[in-house]
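S.K.: coordinates for the following, if possible.
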Amino acid sequence: RQDKPVGALAPDARRLLEWEVAGLPVGGGTLALAAVGEGIERRVSLDVTPELELLYFCPEAPMALAGETLTFECWLANTGNAFVTGIEAAFELAGETVCVTASHLAPDARCVLQASFTPDVAEGWTRAAVRVQAANMDEPLKAKNGAYVLKNAPLPARTPGVGVVANDAVIVLANTHAALAFRRSPEGWWFGQLLTCTPDAWGDTLAWLAHPVHMDYRRGVDGPSVDCSFRDMPEPALEVDGAPGLCFRWQRDETDGATWSGVFAFTPAGDGRTFDVAYTVTCGQPREVLSFSGPAVHVVERDEAIYPGLEWLVDNEVSSSTLDIAEDHPDRWRFFVHPNKITVPAIGVQSPLGTVGLFWDMRQRWYGERERPGVLFASPDRFQRFGSHNMRLFVPPIDSSEPDARKGAPFVLEPGRELTLKSHLYAAAERD
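M.R.: Predicted structure coming up:
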């Protein structure tokens, strides 16, 4: 208890009194203040407690090869008004546990705890979990996530020039300075790896294509939605229109007799660093399409990113943050926007490994007279809970300028009509 005499206080007068609080019990405490005068008394109190919040738990990249390092991150925030002390996070992956500690976390502060694993078995989707405990908090915080662990099959030998090289486990489409490698898995040939290369050797992995095509649709207006990730992708043809390329042809029969068909083509462009991407699907019966997207490009590292007119990120800045705009401003949400707000149809992400770019024709007609696809840019990717940096095209685009708009209006894909989405994927070891 600390008493401070004030003396007389005239009407409308104020006086500032200060106390230094040397410490509180480990679990927090309550500060109480009583002001006592002749014939009057006022009391107020302030609870001082730590509040630890688990913001995100995610792998740095959505995919890893068996035998290579896979790192998970746990983002924590102290939203209370007292220090959180004695923090311990237990990360778990495939039966292995790694514990990471932090001595304390100040009020309004954040921290990121990391744990690295080296999974030696290619199990596809591999589940992970984290359990966070603090010395001055009663209940632990828990979260689950995972990552794809793929067989670490060696790439086929690099041959000079532009073309396709393959072995039993990997097919690589090589341009002069960039390459796309697709790996066989129990879910088909549908995990892509974007690499740099030279005429003589393969380079670094710049990005992953994790299920690079995705669609949600309904069989009827009032029917349940169907989530289609095209995971049963067959082995591709090694030519597109008679030239080197990869052409995945997919088909699915439904119980009402409808047959879906899809053609997903990747071809090297003439600049040596770009791949042209074209996705086309048709169906034999009417289907209400809720969303159709791709390619889903997950860039593994980022120093800087530019989405002209919408984002310019450096260091640890986060897309759609409140760094330079008010939280309640209608233009703060920029993960996906109305096409009118896209000034230049291109996104670039740069890191010490190189540069990845996605660009497209904004006036492309993706279904009949419908034009202008939508774009998702999340850096890092909080939507799918990955630490990588996600960019992709999707249709239908956002059709409202309202700040809470998240998707476009569904449309009916008529029998035999094509839904097509085209883009260009760029990779280079150079940072410029």
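S.K.: the host helix or strand of residue 182 pairs with which strands, parallel or anti?
M.R.: Using DSSP states H and E, residue 182 sits in strand 178-185. Here strand 178-185 is paired, per DSSP bridges, with strand 170-174 (antiparallel), strand 188-197 (antiparallel).
S.K.: what residues of stretch 415-432 count as buried?
M.R.: By 16 or more other Cβ atoms under 10 Å, the buried positions in stretch 415-432 come out as 419, 420, 421, 422, 423, 424, 425, 426, 427, 428, 429. Where you see a C-beta, it was placed from the backbone N, CA and C, and this is true even at glycine.
S.K.: next, the residue positioned nearest the centre of the chain: secondary structure please.
M.R.: Nearest to the mean C-alpha position of the chain, by Cα atoms, centre = their mean, lies residue 381 at 1.8 Å. Per DSSP: H, G, I helix; E, B strand; the rest coil, the local secondary structure of residue 381 is coil.
S.K.: quick one, what contacts the residue nearest to it when sequence neighbours are not counted?
M.R.: With Cβ to Cβ, 6 or more residues apart in numbering as the criterion, residue 381 has its nearest non-adjacent residue at 3.9 Å, and that residue is residue 390. Neighbour list for residue 390: 296, 297, 298, 299, 376, 377, 378, 379, 381, 383, 384 [criterion: Cβ atoms under 8 Å, 6 or more residues apart in numbering].
S.K.: next: residue 282.
M.R.: Contact analysis of residue 282 by Cβ under 8 Å, 6+ apart lists 260, 261, 262, 413, 416, 417, 418, 419.
S.K.: go on, residue 116?
M.R.: Applying Cβ under 8 Å, 6+ apart, the residues near residue 116 are 69, 70, 71, 72, 98.
S.K.: what strand or helix carries it?
M.R.: Per DSSP H and E, residue 116 falls inside strand 110-117.
S.K.: then residue 387?
M.R.: Applying DSSP H and E, one finds residue 387 in no helix or strand.
S.K.: distance check, it against residue 167.
M.R.: Note on residue 387: its distance to residue 167, by Cβ to Cβ, to the nearest Å, is 30 Å.
S.K.: give me the more crowded residue out of these two.
M.R.: Neighbour count, other Cβ atoms under 10 Å: between residue 387 and residue 167, residue 387 has more, with 24 against 13.
S.K.: show me what contacts the residue nearest to that one when sequence neighbours are not counted?
M.R.: Leaving aside its sequence neighbours, residue 387 sits nearest to residue 60 (Cβ to Cβ, 6+ apart; 4.2 Å). Contacts for residue 60 (Cβ under 8 Å, 6+ apart) come out as 70, 71, 72, 73, 300, 386, 387, 388.
S.K.: got the residues you listed as JSON lines, with distance to residue 322 columns?
M.R.: JSON lines is the format used below for these (distance: Cβ to Cβ, whole Å):
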{"residue": "70", "distance to residue 322": "31"}
{"residue": "71", "distance to residue 322": "27"}
{"residue": "72", "distance to residue 322": "26"}
{"residue": "73", "distance to residue 322": "21"}
{"residue": "300", "distance to residue 322": "26"}
{"residue": "386", "distance to residue 322": "22"}
{"residue": "387", "distance to residue 322": "20"}
{"residue": "388", "distance to residue 322": "22"}
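S.K.: okay if I get these as JSON lines plus pLDDT?
M.R.: Below are the contacts of residue 60 laid out as JSON lines (pLDDT from 0 to 100):
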{"residue": "70", "pLDDT": "96"}
{"residue": "71", "pLDDT": "97"}
{"residue": "72", "pLDDT": "98"}
{"residue": "73", "pLDDT": "97"}
{"residue": "300", "pLDDT": "95"}
{"residue": "386", "pLDDT": "94"}
{"residue": "387", "pLDDT": "93"}
{"residue": "388", "pLDDT": "95"}
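S.K.: residue 422 touches residue 361, doesn't it?
M.R.: Yes: taking Cβ atoms under 8 Å as the definition, residue 422 is a contact partner of residue 361 at 6.8 Å.
S.K.: most surrounded residue in the contacts of residue 116?
M.R.: Among those, residue 72 has the most neighbours (other Cβ under 10 Å), with 26 neighbours.
S.K.: out of the buried residues of stretch 415-432, who's nearest residue 177?
M.R.: residue 428 (6.1 Å; Cβ to Cβ).
S.K.: quick check: bridge partners of the closest one?
M.R.: In beta-bridge terms (that is, DSSP bridges), residue 428 pairs with residue 355.
S.K.: so for it, what's the pLDDT?
M.R.: pLDDT for residue 428: 95.
S.K.: contact partners for it?
M.R.: Contacts for residue 428 (Cβ under 8 Å, 6+ apart) come out as 177, 178, 196, 273, 354, 355.
S.K.: what's the closest of those to residue 6?
M.R.: Taking Cβ to Cβ as the measure, residue 6 lies nearest residue 355 of those, at 65.2 Å.
S.K.: my read: the closest one touches residue 346, true?
M.R.: No: using Cβ under 8 Å as the test, residue 355 is too far from residue 346 to be in contact (11.8 Å).
S.K.: can I get stretch 321-334 in PDB, CA atoms only?
M.R.: In PDB, the C-alpha atoms belonging to stretch 321-334 read as follows (Å, rounded to 0.1, in the frame of the first residue of the first chain):
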ATOM      1  CA  SER A 321      -2.100  -5.000 -43.200                       C
ATOM      2  CA  THR A 322      -2.900  -1.700 -41.400                       C
ATOM      3  CA  LEU A 323       0.600  -0.400 -41.800                       C
ATOM      4  CA  ASP A 324      -0.400   2.400 -44.100                       C
ATOM      5  CA  ILE A 325      -4.200   2.400 -44.000                       C
ATOM      6  CA  ALA A 326      -6.800   2.400 -41.200                       C
ATOM      7  CA  GLU A 327      -8.100  -1.000 -40.200                       C
ATOM      8  CA  ASP A 328     -11.700  -0.100 -41.000                       C
ATOM      9  CA  HIS A 329     -10.900   1.600 -44.300                       C
ATOM     10  CA  PRO A 330     -12.900   0.000 -47.200                       C
ATOM     11  CA  ASP A 331      -9.700  -0.400 -49.200                       C
ATOM     12  CA  ARG A 332      -7.700  -2.200 -46.600                       C
ATOM     13  CA  TRP A 333      -8.800  -5.700 -47.600                       C
ATOM     14  CA  ARG A 334      -6.600  -6.400 -50.700                       C
END
